[in-house]
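K.L.:
Pasting the sequence and the predicted coordinates here, then a few questions.
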Amino acid sequence: MTQINAYINFEGNCREVMTFYKECLGGELNMQTVEGSPIEAQCPAGIKHHILHASLMKDGLILMGSDMQEPGGFTKGNNIALSLNCSSDEEIKAFFSKLSEGGRISHNLMQSFWGATFGVLTDKYGIRWMLNYDKNQPA
């Protein structure tokens, strides 16, 4: 099932903020650090304890976050993206193509280390989109 969720980028305090949201909203919080991830060797040693990806899940609620930054760095207020979890390879390609028209692609669609097709773009209205399709995800 295709789904849109909020994805928030933080300035090194993702663990603190997502823990706060868990205390407020409940649910299950999972966090992966840069250290021990497949991209650890590509990152500066100073960010090894930063959160690569966090997800807070409760019933139908999914809130995701990260300390990782877009090129150009962190801008408070512009650090939220819509994460579009797609249900097929055809769907992600069509959505990516249409949403990127007149916009800017910051990460082309490609196979990610977590096994999904993934890409990031900013549409012509300035909204950042993160598209993901995991063919092994249950429908």
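P.N.:
Happy to help now that I have it.
K.L.:
Break the chain down into its structural domains.
P.N.:
11-78, 86-139 (automatic domain parsing).
K.L.:
Report the contact partners of the closest residue to residue 47 other than its chain neighbours.
P.N.:
Nearest in space to residue 47, with sequence neighbours left out and distances taken as Cβ to Cβ, 6 or more residues apart in numbering, is residue 34 at 5.5 Å. All C-beta spots, glycine's among them, are computed from the backbone N, C-alpha and C. By Cβ atoms under 8 Å, 6 or more residues apart in numbering, the contact list for residue 34 reads 40, 43, 47, 48, 49, 50, 51, 52, 67, 68.
K.L.:
For burial, what's the neighbour tally of the second one?
P.N.:
Look at residue 43: counted by other Cβ atoms under 10 Å, it has 15 neighbours.
K.L.:
what sits against it?
P.N.:
Residue 43 neighbours (Cβ under 8 Å, 6+ apart): residue 34.
K.L.:
please begin residue numbering at 25 from this point
P.N.:
Noted, 25 is the first residue going forward, which turns the last one into residue 67.
K.L.:
Could you pull up phi and psi at it?
P.N.:
Dihedral angles of residue 67 (phi, psi; degrees, to the nearest 10) stand at phi -110, psi 150.
K.L.:
how near is it to residue 127?
P.N.:
According to Cβ to Cβ, to the nearest Å, residue 67 stands 27 Å off from residue 127.
K.L.:
cool, the first one as well?
P.N.:
With distances taken as Cβ to Cβ, residue 64 is found 31 Å from residue 127.
K.L.:
And for the fourth one?
P.N.:
As for residue 72, its distance to residue 127 is 33 Å (criterion: Cβ to Cβ).
K.L.:
Equivalent analysis for residue 150, please.
P.N.:
Residue 150 is 8 Å from residue 127, by Cβ to Cβ.
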